[in-house]
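[1] sequence isn't available, so here's the structure alone:
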């Protein structure tokens, strides 16, 4: 299962805004439209955003290839700036753009660098899938037989290069016979859990139950949740992390009920340049995402809206961090520096 395909001179993206009702693939040859697709959540999930942006850099280079070197470099700088502005929180976007900038320079800095850019984008894509599979293996070792797992938002194959981070753990654990049930928070306001996670799990034949976000506490109190696995959009070097809005609340509930709580991420999502979660920029999205649903108004006209896309969970609420280098336990700052610093 994947949501991103490079086609040699174009990029195909699975339009995630249309799932689960329709599976629609759109072709892109213009990097500006890829930036817009990232903004509109056609492609979403930190690793997938980084991969899509890397391929968008290739599209920009192909568009500019008939320009002289100076014009080419100026155009590439504009493209990178526009792509970087598409979404501010997911660090994979900036990590991928930095890699593509280095590949451009190493390839000569002009149109002659296009093959090197394509190779680098394809490498970013392959590496993400490889990291996901390693993450799945390490995470599955944490899952006891008959586990009932809660997840929030979508950290699956379509949020990555393929296989998934949190859902990669679920997939690997299910293959080993360890999963009795996965409870999917619907994930307001855009329902990524209901629309995307439930869709992925059902396609893979993994037992799944959809719940509203407000039901998680009740299920935990009834002893129906054994552990929590969810994704990450940016982690600071002390282990604080940003993920889909509502994650912090799930973490507090898990801590109160004594339930193991894990975030699952590749190293490309760790930002060692920031000391803690206070330095993570949180994207504020369109109020209409809260006041309307499927084009239908659900709130009074003129009501004030707060719509942050993410919240920051303090590292003290984490049981562990699952990465492609293994499972990290406290003290998180020391271990992250050891492995990724």
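    Structure received. No experiment lies behind these values; they were computed from the predicted model shown.
[2] who touches the most centrally placed residue in the chain in this structure?
    Most central residue of the chain, judged by C-alpha distance to the mean C-alpha position with Cα atoms, centre = their mean, is residue 45 at 2.5 Å. Going by Cβ atoms under 8 Å, 6 or more residues apart in numbering, residue 45 touches 90, 154, 155, 156, 158, 159, 160, 231. (Glycine included, C-beta is placed from N, CA and C.)
[3] lowest pLDDT pick from the residues you listed?
    On pLDDT alone, residue 90 ranks lowest of those, at 93.
[4] mind giving me the packing neighbours of the lengthiest strand in the chain?
    Counting residues, the longest strand found in the chain (DSSP state E) is strand 179-185. Contact partners of strand 179-185 among helices and strands, from 3 or more Cβ pairs under 8 Å, 6 or more residues apart in numbering; DSSP states H and E: strand 147-151, helix 166-175, helix 198-203, strand 208-211, helix 216-221.
[5] quick one, which of these is nearest to residue 9?
    Using Cβ to Cβ as the measure, helix 198-203 is the one of the helices and strands packed on strand 179-185 that comes nearest residue 9, at 29.3 Å.
[6] ok, residue 96 - contacts?
    With contact taken as Cβ under 8 Å, 6+ apart, residue 96 is in contact with 50, 51, 53, 54, 124, 268.
[7] tell me the SS of it?
    Of the three states, residue 96 takes helix according to DSSP: H, G, I helix; E, B strand; the rest coil.
[8] and it, how far from residue 83?
    Residue 96 sits 9 Å away from residue 83, going by Cβ to Cβ, to the nearest Å.
[9] so what sits against both of the two?
    residue 53.
[10] now do the helices in this structure.
    Remark: helices assigned in the chain by DSSP state H are 31-39, 46-64, 69-84, 91-106, 114-140, 166-175, 192, 198-203, 216-221, 247-257, 288-291, 332-340.
[11] residue 99 versus the residue nearest to the centre of the chain, what's the distance?
    Here the criterion is Cβ to Cβ. By it, residue 45 lies 18 Å from residue 99.
[12] one more: residue 93?
    Between residue 93 and residue 99 the computed distance is 11 Å (Cβ to Cβ).
[13] got any residues that touch both of those two?
    With contacts taken as Cβ under 8 Å, 6+ apart, not a single residue reaches both residue 93 and residue 99.
[14] looking only at neighbour counts, state which of the two leads.
    Relative neighbour count places residue 93 above the other of residue 93 and residue 99, with 27 against 19, counting by other Cβ atoms under 10 Å.
[15] distance of the more buried one relative to residue 10?
    Residue 93 sits at a distance of 20 Å from residue 10 (criterion: Cβ to Cβ).
[16] how about residue 327?
    Relative to residue 10, residue 327 is positioned 39 Å away (criterion: Cβ to Cβ).
[17] give me the neighbour count for residue 319.
    Counted with other Cβ under 10 Å, the burial measure for residue 319 works out to 18 neighbours.
[18] and what of the one 3 residues further on?
    Other residues lying near residue 322 total 28 when counted by other Cβ under 10 Å.
[19] isn't it right up against residue 265?
    Yes: the pair residue 322 and residue 265 passes the contact test of Cβ atoms under 8 Å, sitting 7.4 Å apart.
[20] what do the two both touch?
    Common neighbours of residue 322 and residue 265 (criterion: Cβ under 8 Å, 6+ apart): 135, 165.
[21] if we can go back for a sec, report pLDDT for the residue nearest to the centre of the chain.
    The per-residue confidence score, pLDDT, reads 97 for residue 45.
[22] quick check: phi and psi on it?
    The phi and psi values for residue 45, taken as degrees, to the nearest 10, are phi 100, psi 130.
[23] repeat for residue 319
    Here residue 319 shows phi and psi, under degrees, to the nearest 10, equal to phi -80, psi -40.
[24] distance of it from residue 119?
    As judged by Cβ to Cβ, residue 319 and residue 119 stand 39 Å apart.
[25] so what pLDDT did residue 341 get?
    With respect to pLDDT, residue 341 has a value of 89.
[26] I'd assumed residue 270 was in contact with it.
    No: taking Cβ under 8 Å as the contact criterion, residue 341 and residue 270 are not neighbours in contact, 9.4 Å apart.
[27] number of nearby residues for residue 316?
    Other residues near residue 316 number 12, with proximity taken as other Cβ under 10 Å.
[28] likewise residue 2?
    If you count neighbours by other Cβ under 10 Å, residue 2 ends up with 16.
[29] what of residue 70?
    The local packing of residue 70 (other Cβ under 10 Å) involves 10 other residues.
[30] one more: residue 302?
    Residue 302 has 6 neighbours, counted by other Cβ under 10 Å.
[31] likewise for the one 3 residues further on?
    Applying other Cβ under 10 Å, we find 14 residues neighbouring residue 305.
[32] so how far is residue 299 from it?
    In this structure, residue 305 lies at 8 Å from residue 299, with Cβ to Cβ as the measure.
[33] overlap of the contact sets of those two?
    Contact with both residue 305 and residue 299 is made by residues 290, 291, according to Cβ under 8 Å, 6+ apart.
[34] re the thing from before, could you turn the buried ones of the contacts of residue 96 into a ChimeraX selection?
    The following ChimeraX command selects only the buried members of these, with burial defined by 16 or more other Cβ atoms under 10 Å:
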select :50,51,53,54,124,268
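[35] dump the contacts of residue 96 into a markdown table; add distance to residue 274 and pLDDT as well.
    Formatted as a markdown table, the entries for the contacts of residue 96 read as follows, by distance: Cβ to Cβ, whole Å; pLDDT from 0 to 100:
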| residue | distance to residue 274 | pLDDT |
| --- | --- | --- |
| 50 | 17 | 98 |
| 51 | 22 | 98 |
| 53 | 20 | 98 |
| 54 | 22 | 98 |
| 124 | 22 | 98 |
| 268 | 15 | 97 |
